[in-house]
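J.: Structure of the sequence below:
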Amino acid sequence: MISNEAAMNLWYRAAQAKLGVEIPTNDHNYLMQTLYTARVSSGDKDLDRLSLVKTKVGICIIDRERAKDAIGNASQGNSESL
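T.: Sure thing, here's the model as predicted:
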């Protein structure tokens with residue numbers, strides 16, 4: 001089980017990270033539901049730029065805009081942004 005407070009800490013940590021954070025889990029669906037529920041109940045619209053992505057080992061909370069910029073820079077030959 002993950003508390004609402006812990007879930008929100010993960011959202012805010014991801015919001016401050018360069019691209020996001022990855023959270024290991026064995027139960028992807030539970031973690032995603034818990035994270036989404038916490039974000040919605042917080043009412044913090046600044047977190048709307050973040051998305052959840054399933055990986056083999058867990059869930060990533062990704063900043064879509066920063067990731068888009070980093071991919072664009074990398075495709076132009078500037079891989080230092082990754």
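J.: Would you list the phi and psi of residue 18?
T.: In terms of degrees, to the nearest 10, the main-chain angles of residue 18 are phi -60, psi -50.
J.: where along this structure do the helices fall?
T.: 4-16, 28-42, 64-75 (DSSP state H).
J.: Now render the ones you listed as TSV, adding distance to residue 48, mean neighbour count and mean pLDDT.
T.: Every C-beta, even on glycine, is put in place using the N, C-alpha and C of the backbone. Below are the helices of the chain laid out as TSV (distance: least, CB to CB, whole Å; neighbours: other CB atoms under 10 Å; pLDDT from 0 to 100):
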stretch	distance to residue 48	mean neighbour count	mean pLDDT
helix 4-16	10	16	96
helix 28-42	8	15	96
helix 64-75	9	13	66
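J.: Distance to residue 50 added to these, as CSV?
T.: Shown next, in CSV, are the helices of the chain (distance: least, CB to CB, whole Å):
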stretch, distance to residue 50
helix 4-16, 6
helix 28-42, 8
helix 64-75, 7
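J.: wait, which of the ones you listed is closest to residue 51?
T.: Of all these, helix 64-75 sits nearest to residue 51, with 5.5 Å by CB to CB.
J.: Select, out of the helices of the chain, the one closest to residue 55.
T.: Among those, the nearest to residue 55 by CB to CB is helix 28-42 (8.7 Å).
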